[in-house]
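> Structure for this input, please:
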Amino acid sequence: MSERGMQELALLLLTALANAPRHGYAIAQEVKEITGGRVVPRTGALYGALDRLLAEGLIRVEREEVVDGRARRTFALSDAGRERLAVEAERLAATAREARRRLAAGGAAGGALRPA
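Residues are numbered from 1 along each chain as shown. From the prediction side, this is the model:
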């Protein structure tokens with residue numbers, strides 16, 4: 001596992017799959033809901049990220065079917081993906097705790113950044 005944090009879209013996709021398997025469109029809608037509409041993945045970015053997560057073993061294809069003449073894959077979080085999501089959630093929580101701590105410490109450093 002990489003020491004670097006996960007890119008936002010990958011993190012959001014894993015989060016969208018954390019409680020249930022979903023097909024691509026449903027994943028995109030779930031990401032939109034999770035982010036309050038801030039992130040609406042485009043089709044190319046969505047499927048590119050899903051392919052990368054599949055290659056990394058963080059998600060798996062739960063089922064493949066043909067709906068209205070089009071192939072549709074339903075994706076699910078793998079055990080490795082669940083573990084990675086838990087690690088990322090803790091990393092982000094630790095960063096947020098530190099940000100809140102520094103903000104609470106407040107004004108002392110604030111003046112040092114004022115332009116001359």
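> Grab the nearest non-local neighbour of residue 13.
Once flanking residues are discounted, residue 13 sits nearest to residue 49: 5.7 Å by CB to CB, 6 or more residues apart in numbering. To be clear about C-beta, it is placed using only N, CA and C from the backbone, and glycine gets the same treatment.
> Contact partners for that neighbour?
Taking CB atoms under 8 Å, 6 or more residues apart in numbering as the contact definition, residue 49 lies against 7, 9, 10, 13, 41.
> switch to 10 Å and redo it
Residue 49 is in contact with 7, 9, 10, 12, 13, 14, 27, 41, 59, counting by CB atoms under 10 Å, 6 or more residues apart in numbering.
> which one of these is nearest residue 82?
Within the set of the contacts of residue 49, residue 14 lies nearest residue 82; the separation is 8.3 Å, counting by CB to CB.
> For the longest helix along the chain, buried residues please.
Counting by DSSP state H, the longest helix found in the chain is helix 79-105. By neighbour count on 16 or more other CB atoms under 10 Å, the buried set for helix 79-105 is 81, 84, 85, 88.
> Please apply the same query to stretch 50-60.
By neighbour count, with 16+ other CB under 10 Å as the criterion, the buried positions of stretch 50-60 are 50, 53, 54, 58, 59, 60.
> what's the closest of these to residue 19?
Ranking the buried residues of stretch 50-60 by separation from residue 19, with CB to CB as the measure, puts residue 59 on top at 13.7 Å.
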